[in-house]
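Asker: Provided below are the primary sequence and the corresponding predicted coordinates.
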Amino acid sequence: MTQPPIKIVLADVDGTLVTQEKALTERAVAAVKGLRDAGIEFAVTSGRPPRGMSMLIEPLALTTPIAAFNGGLIVRPDMSVIEQKTIPQQLVAPAIELLGGQGLDVWLYSGADWLVHDANAPHVDREAKTVAFDPKTVESFDGVTAVAKIVGVSDDHKLVTKTTDQAREKFGDHISAAQSQPYYLDITHPHANKGEVVSYLSAHLGIPAEQFATIGDMPNDILMFARSGLSIAMGNAGPEVHRAARRVTASNEDEGFAKAIERFVLKIER
C-alpha cells in the first residue's frame, strides 16, 4: 500500500529537534522552512511547559498549536490557552507520595508555575536554563490545584523506569505515566499523551492521521508513532523506540532531525 503524502510533521523537542545543548541548528531551521515551502505543516510537542517552547516560535515561524506537557496544555503561538487537561485532583497527593516514597525528587507544574522543594536539587538548574525561567521553591505542595504535570526526577534511571511501571499499575487509566527523559517520570492527565496530540491536531487542522510524520527519541513518543503514517526514531533513541518506528535517522548531535526531514519527508538526496 502506498504511503499517502505527508501533510504535517509533528516533532518532539528535547533529544530530537534540539541538540544536547538545547540549541536549534541552522540545518534544522532550514529543514522546517523546507517543509513550509513544500506546503507541509510543522508542529511541536514536548513535556516542557509552554513557556519552555517559546524560544522556538520565532526561528521556526510556528503557526500551529503547541502541545506542552505532552498534550496536557495546548496553546497558540501567542501562548493563549486553547485546551487544558489537568490531573484528577484526588490523585495528585497519592502520586506525589508514590514518587517521593521511591526517593525521586518531585516537581509540580500548575498554571504558569513550576514548583519545587529544593532549587538546588539535581536537574533543576539545567531545566531552568532549558525552559528559560526559574522555579518557585515551596515547602509543601498541599493545596496546589489545577496540576498539569507531576515530575519525578532521579539519576537512577532504573529507579525511574521502575517507578513509572508502579505508577501505571497503581493508577491505571486514571493518569498517563511516561519517561520524557531517562531521569524524568512525567505524570499527566490520562489523555495528555503524544498519541492524543496527533488526534487533536488531526481534527483541528483537518489532516488525516495517516498523513502525519512524527519524530522523537523517547518511550513517550511511541504513542504518537502508533497514530501516524510515518514514524521516525532518532539515532540517540533506545532499542524500544527504534523498534516502534518505521524509520531511524541519525542522532540529535549529528543533525538527525534535519536529515530525517530531508530524506524521509522532502525526499532530498544529499
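Answerer: Great, that's in hand.
Asker: Around residue 24, how many other residues sit close by?
Answerer: If you count neighbours by other CB atoms under 10 Å, residue 24 ends up with 17. For every residue, glycine as well, the C-beta is placed using N, CA and C.
Asker: what sits against residue 19?
Answerer: Residues in contact with residue 19 (CB atoms under 8 Å, 6 or more residues apart in numbering) are 25, 252-253.
Asker: same question but for residue 142, I mixed them up
Answerer: Counting by CB under 8 Å, 6+ apart, residue 142 has contacts residue 93.
Asker: mind checking the SS state of it?
Answerer: With DSSP: H, G, I helix; E, B strand; the rest coil as the basis, residue 142 sits in coil.
Asker: Phi, psi for it please.
Answerer: Residue 142 adopts backbone torsions of phi -60, psi 140, taken as degrees, to the nearest 10.
Asker: any idea of the pLDDT on it?
Answerer: pLDDT, residue 142: 94.
Asker: what about the helices in the stretch 151-270 of the chain?
Answerer: Along the stretch 151-270 of the chain, counting by DSSP state H, counting those that start in this stretch, helices occupy 157-171, 194-205, 222-226, 239-244, 256-260.
Asker: what's the distance between the nearest residue to residue 151 once chain neighbours are set aside and residue 89?
Answerer: Spatial nearest neighbour of residue 151, chain neighbours left out: residue 107 (4.2 Å); criterion: CB to CB, 6 or more residues apart in numbering. Relative to residue 89, residue 107 is positioned 18 Å away (CB to CB, to the nearest Å).
Asker: between those two, who's got more neighbours?
Answerer: Legend: neighbour count by other CB under 10 Å for residue 107 and residue 89, higher for residue 107 (23 against 11).
Asker: hang on, that one is in a strand, isn't it?
Answerer: Yes - using three-state DSSP, the secondary structure at residue 107 is a strand.
Asker: Please name the residues that touch it.
Answerer: Residues in contact with residue 107 (CB under 8 Å, 6+ apart) are 114-116, 135, 150-151, 153.
Asker: what about 7 Å?
Answerer: Contacts for residue 107 were tallied using CB atoms under 7 Å, 6 or more residues apart in numbering; they are 114-116, 151, 153.
Asker: repeat for residue 245
Answerer: Here residue 245 is in contact with 225, 231-233 (criterion: CB under 7 Å, 6+ apart).
Asker: try it again with 10 Å
Answerer: Residues counted as contacts of residue 245 (CB atoms under 10 Å, 6 or more residues apart in numbering) are 214-217, 221-222, 225, 228, 230-234, 237.
Asker: From these, which land in strands?
Answerer: Judged by DSSP state E, strands contain the following of the contacts of residue 245: 214-216, 230-233.
Asker: Out of these, which end up buried?
Answerer: Applying 16 or more other CB atoms under 10 Å to the ones in strands among the contacts of residue 245, the neighbour count classes 214-216, 230-233 as buried.
Asker: taking these as a set, which two sit the farthest apart in space?
Answerer: Farthest pair in these (CB to CB) is 216 and 230. Separation: 12.4 Å.
Asker: rewinding a little: which one of the contacts of residue 19 sits closest to residue 81?
Answerer: Checking the contacts of residue 19 one by one against residue 81 (CB to CB), the nearest turns out to be residue 252, at 29.2 Å.
Asker: Give me the distance between that closest one and residue 116.
Answerer: When CB to CB is applied, the distance between residue 252 and residue 116 equals 26 Å.
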